[in-house]
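[1] build me a structure from this.
(chains A and B)
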Amino acid sequence: MKHYPKNITAILAIVAMFFLASCSPDEPTPTPENNQEAITGISLSYVLLQQNGTPTTDTTTITFDANGVATPGILSLNIGKSYLTLITFYDHEKVLNPEIVQEGADHKIFFFPSQDGIIHYEYNDQDKNGNPIGLNGKTTILNSGTINLNMVFRHGLNKNSSAAQGWNNSDYVQAGGEDDANISFTLHAD
Amino acid sequence: MHIGIKAGAAAIFFMVCTSASYSQNGDCNYQLTIQIKDGKTAENIEGALVSTGNRQTFSDENGYCVFDDVCRGRLHLHIQTMDVITESDIDFTGARDTFVIKTQSQTRGITLDDVEVHGHKAPVQTINALQTITQDQLHRVQGASLASQLQSIPGVSMLQTGGNISKPVINGMYGNRVLILNNGVRQQGQQWGAEHAPEIDPFIAHQLTVVKGAESVRYGSDAIGGVILVDPPALPDDGKLHSQVSLFGAENGRQGAASAALSGNMKKLPAFAWRIQGTAKQGGNLKTADYFLNNTGVKEYNYSAAAAYTQKHFDANIYYSHFNTQLGILKDFGTDASFRYDIEAPRQQVIHDLLKIQAHQHLNDNWHLTALYAFQQDRREEYDLRRNGKTSLPSLDLKLNTQTADLTLVNMNNSGWKMTAGWSGMVQNNASVPGTMIAPLIPDYILKTTGVYSILRYQTAKYALEAGLRYDFMHLYALGYDKNGQLYGGKKSFNSLNGNMGSLWYISNDWNLRTNIGTAWRPPSVNELYSNGLHHGALSYEQGDSTMEVEKSYKWMNSLNYNLPSGWFQLQVDGYLQYFKGYIYLNPMDSMVESIRGRFPYFQYAQTNALFTGCDISMEIRVMKQLEYTATAALIRAKNVRDNMFLPMIPTDKYQQELRWNFKDQRFLTKSFISISHQYIAQQKRYASGSDFAPPPSAYHLAGFSTGTVMKFGRQQLKIYLTIDNLFNQSYRDYMNRYRYYSDDMGRNIQLRLIYDL
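    Reported below is the predicted structural model:
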């Protein structure tokens, strides 16, 4: 074998670079993130309204935990009455509503009753473009029955799309965006 | 599958019966003598593998080799030396003179006394069938993504997330089961993600090679499905300055790309050569047959530099590349989108830097030593629509640093024996960059691997045999904080012994058969071990399993090749059987996870035993002197054999055909052609209902048109190609495109390519 000491040294030096560099941290050092993403709780309040529309003190509230479990499991409201519907979103102790209002143009709440004709919903709030959000609205009980009420809180949707119009548009997915919350509970009207 | 094999067997039988008539030719009694010399040093090369047609032999210690019973006429010679393949076309009149061929690493044809010579780097020396896309073929598809450029090879398909994000799929496998070698360096990015495309600029490539057999012995883990080699051109050695400019324009997405390369070699310093190269690409919203896809633009810029020092028995080179891309993710599907170049959230931003240093020493007549060191950094940021002004903060921000080293020893001589032995190591560090304000999808980790291997090959004129063995050891230490602020992770070790045995048999002048049995492995990836939660932007809840072990496969691959010496007919049939022990997949759990965000189908990463069988067929018929017909078919059948269920995301049957008319060369316009093509993609019927968000889309046909020419002005040449994909603007959805849940696939796309060589 002919000897090329200089060149062989150069070749092995290339490999040595690897060994030098690999004597590096042996333990990963992750940093905890200040996780500000999740909605960890929702409260849905129905405030009984008088005939002239002024709110009374009669309030029924249903809350949802991080797994979407409702407490109480069933909500009872009365036929012929209208209720001021207030929704609050929480990240642990922090109330997220001010952030949602500030970016109102990107957010909308929809309601999907399992049966038609039992309830009717109207939005009371608006974003800067005049489109409704749904943190504040009015639910009117039209008929008796026990239904499953699904509430969807959507962000990033195109509110001008025909699929986003109304309070119970079943094509809402076509308007784009993502569900930030999607919960259901039993509503009993009599 | 059964019908396909019967048809294939019938075709083969027919060909065997008719080939006899072609080989009876009285003009084939001549002796051909060739001498191989090194193009740079003019030394005689011993042990070069010289083949013509279906026969081959080795050059002796003076570089000579002899072929008996050779036909007169135009012959194609293929000469393989250590790392260069030289191809030469000679006019053999039957005379007794020796043809002297000098090895040539350059693409450009050189004519030395009636001998036209082209060269290129040998991508990999293996008994496995490999398919290469190079030169004109590559220029016809340049500008598209890496995975799209490989689609003409049967058995290669792609997993798409829209038209701009695509991952190559070989025989049904992708991601961590396909190894990509970027200029000889294992490409390391976050390849576990279905929507993470390889971070390589295909414009740097001079050839793309796909190896479909198990190459685990040579390359280690992740080569289960196969290997894709992206190789840049060799640096010049003729003392001249070379330049190449490529322009690409596509009507769909109004995409434009420009790439330029300048390379040189100084006459005063012939040992030194260099190249600088850069690419810029931009595109806006893509269009289906009927509507635009909102936010599907792309913006990319890349550059690279290379330098090499070459001496008689020693050469060294250094290479650096920078890749930077921004990709939009489809949003607001179903709305009236229009054309825009702007890219908004959701979007991806990926930067990939690669540095490679390599040296090779020819120790003596037979021994070669090569060393390689590479450093890569992959920075991936993914942005989502977020509340409270956080859309400008990435939801995923990962920095992946990888260092690799390889040491290879090769022994070649003229007795037909070749031995390769090597060691390779890798140290990888993944860290989430703080500030995303959301728990990262995968934990931070440090991965260290080392492997040793040896391959022995014996070659004669009639057959070649190869056997190899490799041992790999891997250590993973992962740690991360989950969405509840809890620390999770742990240490895991993996190891695997793998081997392969293969043979190549030259049955006759027309037929050859390759067969290879090999094992391959891969460790479970970090997301398969530690996923826990909603994959952002996804529709499901995925749970990892940190107790999983390695995935091991046993592949039996056969490749039958029939080549009529006159060149009128070529057939290649690849058939394979691959059994997996511990195949890792996402198992739908038939239950839902309840969360405040809704109810999501629950998937758990699990291991099972799987069987993949398939065949890839390609056929080329020269119907007339100027009319060529090419047809390919690829079929895969994959099953979870332990639970007797079909596996998801397996490519469907794909059939392609092309009819091409080649015009006669004129003074200025050469290699002109016009062609029409057709593709039929079958519906995926091997599907368990309820295991997916939507049933597989129906089968579809696509038509295409292509034309091109090469204009020559002295030493310069200009290639012009016009291609139309989806000629009739067909609306369709493809099973392997993740956007099929939301929208149709791409509509018509008219593309123009100009490649200018100086």
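
[2] can you name the residues that contact residue 142?
    The chain I'm using is chain A. Residue A:142 makes contacts with A:79, A:117-120, as judged by CB atoms under 8 Å, 6 or more residues apart in numbering or on different chains. Every residue, glycine included, has its C-beta placed from N, CA and C.

[3] ah, I was thinking of chain B
    B:149, B:202-203, B:246, B:248, B:259, B:753, B:755.

[4] how about a cut-off of 7 Å?
    B:202-203, B:246, B:248, B:753 (CB atoms under 7 Å, 6 or more residues apart in numbering or on different chains).

[5] same question, residue B:248
    Contact analysis of residue B:248 by CB under 7 Å, 6+ apart lists B:142-143, B:256-257, B:753.

[6] just give me the closest of those to chain A.
    Among the contacts of residue B:248, residue B:256 lies closest to chain A (CB to the nearest CB), at 28.0 Å.

[7] beta partners for the closest residue to the closest one other than its chain neighbours?
    Leaving aside its sequence neighbours, residue B:256 sits nearest to residue B:249 (CB to CB, 6 or more residues apart in numbering or on different chains; 5.2 Å). Counting by DSSP bridges, residue B:249 forms beta bridges with residue B:256, residue B:752.

[8] and residue B:708, helix, strand or coil?
    Under the three-state scheme (DSSP: H, G, I helix; E, B strand; the rest coil), residue B:708 adopts strand.

[9] if we can go back for a sec, which among the contacts of residue A:142 end up buried?
    A:118-120 (16 or more other CB atoms under 10 Å in any protein chain shown).

[10] so which of those belong to strands?
    Among these, the members falling in strands are A:119-120 (criterion: DSSP state E).

[11] which one of the buried ones among the contacts of residue A:142 is nearest to residue B:639?
    residue A:118 (48.5 Å; CB to CB).

[12] my read: that closest one touches residue A:145, true?
    Yes. Look at residue A:118 against residue A:145 with CB atoms under 7 Å: they come within range, at 4.9 Å.

[13] hang on, the earlier thing: Provide a list of residues in contact with the residue nearest to residue B:256.
    Here residue B:249 is in contact with B:255-256, B:751-752 (criterion: CB under 7 Å, 6+ apart).

[14] how does it look with 10 Å?
    B:143, B:255-258, B:750-754 (CB atoms under 10 Å, 6 or more residues apart in numbering or on different chains).

[15] chain center to stretch A:170-184, what's the gap?
    9 Å (CA atoms, centre = their mean, to the nearest Å).

[16] likewise stretch A:61-79?
    From the chain centre to the centre of stretch A:61-79 is a distance of 16 Å (CA atoms, centre = their mean).

[17] repeat for stretch B:275-295
    Between the centre of stretch B:275-295 and the centre of its chain there are 22 Å (CA atoms, centre = their mean).

[18] now do that stretch: distance from first to last residue.
    36 Å (CA to CA, to the nearest Å).

[19] and that stretch, does that touch chain A?
    Yes. Contact of stretch B:275-295 with chain A (CB under 10 Å from any CB of the partner chain) involves B:294-295.

[20] list the buried residues for that stretch?
    By neighbour count on 16+ other CB under 10 Å, the buried set for stretch B:275-295 is B:275, B:277-279, B:281-288, B:291-295.

[21] dihedrals phi and psi, residue B:39?
    When read as degrees, to the nearest 10, the backbone of residue B:39 gives phi -60, psi -30.

[22] what about residue B:515, distance to residue B:500?
    11 Å (CB to CB, to the nearest Å).

[23] which one's more surrounded, those two?
    Taking other CB atoms under 10 Å in any protein chain shown, residue B:515 and residue B:500 do not tie; residue B:500 has more neighbours (26 against 17).

[24] which strand or helix spans the more buried one?
    When elements are assigned from DSSP states H and E, residue B:500 belongs to strand B:487-506.

[25] strand partners (parallel or antiparallel) of the next helix or strand after that strand?
    If you walk from strand B:487-506 toward the C-terminus, the next helix or strand you reach (DSSP H and E) is strand B:511-522. Here strand B:511-522 has these sheet partners by DSSP bridges: strand B:487-506 (antiparallel), strand B:551-563 (antiparallel).

[26] would you mind giving those strands as a markdown table with mean pLDDT added?
    Listed next are the strands paired with strand B:511-522 as a markdown table, based on pLDDT from 0 to 100:
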| stretch | mean pLDDT |
| --- | --- |
| strand B:487-506 | 93 |
| strand B:551-563 | 93 |
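
[27] now distance to residue B:186 too, for the ones you listed, in CSV please.
    Listed next are the strands paired with strand B:511-522 as CSV, based on distance: least, CB to CB, whole Å:
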stretch, distance to residue B:186
strand B:487-506, 16
strand B:551-563, 18
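
[28] which among the ones you listed is found nearest to residue B:644?
    Among the strands paired with strand B:511-522, the nearest to residue B:644 by CB to CB is strand B:551-563 (19.3 Å).

[29] buried ones in the closest one?
    B:551-553, B:555-563.

[30] what's the answer for stretch B:445-458, then?
    B:445-453, B:455, B:457.

[31] what's the span of stretch B:252-272, first residue to last?
    First-to-last residue span, stretch B:252-272, CA to CA: 43 Å.
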